[in-house]
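[1] Task: produce atomic coordinates for the following.
(2 chains)
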Amino acid sequence: LAKTTQPISMDSYEGQEVNITCSHNNIATNDYITWYQQFPSQGPRFIIQGYKTKVTNEVASLFIPADRKSSTLSLPRVSLSDTAVYYCLARFGGSQGNLIFGKGTKLSVKP
Amino acid sequence: EAGVTQFPSHSVIEKGQTVTLRCDPISGHDNLYWYRRVMGKEIKFLLHFVKESKQDESGMPNNRFLAERTGGTYSTLKVQPAELEDSGVYFCASSQGWTGLRYSYNEQFFGPGTRLTVL
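    Prediction:
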């Protein structure tokens, strides 16, 4: 199973771009990199998933270099409401599906 | 479209009692998962259903935990008898799985969780 390593916490100001990098040195060739967001007293919420290169959706971008040993979640122009814990997960996209959560990165956005 | 719902939102019971948690997944999602977070720890996988079948129950801590998904719709997780260390937040999630175009097992929709307190 791939083990992910990410910062414990990060601080940012409103309007800034936030990049959270996750290391996953032993990722399998068929692992996807998935990011989740969790607010207090809520269940985790899927943000984005990627396999290689760059993926962008309406809320974030995910950059994955060619060696796939790391990935960077990019949140453009964060607001106070983006204050949450962000989890990086590397999981097989086939018949397994159970997610393995780490400690996550606690992002604090300040005015 | 309704999201994943869980009932109750909070349950307080005494050690030795029985508690049953319920999860209603998103309609049409064949995959249903149970996770839990005990105090100060990471969210841990418990069980994965595909329709009514248990695909993976490797995360179930012991035989005091019983999960069912009759008819492949809602699921229940029963703890009998409850112990102090069972306290935590129990999350349920569902996913579509294979959409016909891509795998979406990792795109799981989580419910708000049930907070279980065992005294």
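
[2] and the gap between the residue nearest the centre of chain A and residue B:108?
    The C-alpha lying nearest the average C-alpha coordinate of chain A belongs to residue A:35 (Cα atoms, centre = their mean; 3.5 Å). According to Cβ to Cβ, to the nearest Å, residue A:35 stands 12 Å off from residue B:108. For the C-beta atoms, the positions are set from N, CA and C on the backbone; glycine is no exception.

[3] residues bridging contact with the two, i.e. touching both?
    Taking Cβ atoms under 8 Å, 6 or more residues apart in numbering or on different chains as the criterion, residue A:35 and residue B:108 both touch residue A:46.

[4] Nearest spatial neighbour of the residue of chain A found nearest chain B, chain-adjacent residues omitted?
    With distances taken as Cβ to the nearest Cβ, chain A approaches chain B most closely at residue A:43, which sits 2.9 Å away. Excluding its sequence neighbours, the residue lying closest to residue A:43 (Cβ to Cβ, 6 or more residues apart in numbering or on different chains) is residue B:110, at 2.9 Å.

[5] what does residue B:89 give?
    residue B:113 (4.5 Å).

[6] With residue A:17 instead?
    The shortest distance from residue A:17 to any non-neighbouring residue, by Cβ to Cβ, 6+ apart, is to residue A:76 (5.3 Å).

[7] where's that neighbour relative to residue A:57, distance?
    11 Å.

[8] and what of residue B:58?
    With the distance defined as Cβ to Cβ, residue B:58 ends up 31 Å from residue A:57.

[9] just residue B:69 next, same as before
    Applying Cβ to Cβ to residue B:69 and residue A:57 gives a distance of 31 Å.

[10] what about the two, which has more around it?
    Each of residue B:69 and residue A:57 had its neighbours counted (other Cβ atoms under 10 Å in any protein chain shown), and the higher figure belongs to residue B:69 (21 against 10).

[11] which residues does that one contact?
    If a contact means Cβ under 8 Å, 6+ apart, then residue B:69 has B:32, B:49, B:51-52, B:75-76 as its contacts.

[12] Which among these count as buried?
    Neighbour counting by 16 or more other Cβ atoms under 10 Å in any protein chain shown classes B:32, B:49, B:75 among the contacts of residue B:69 as buried.
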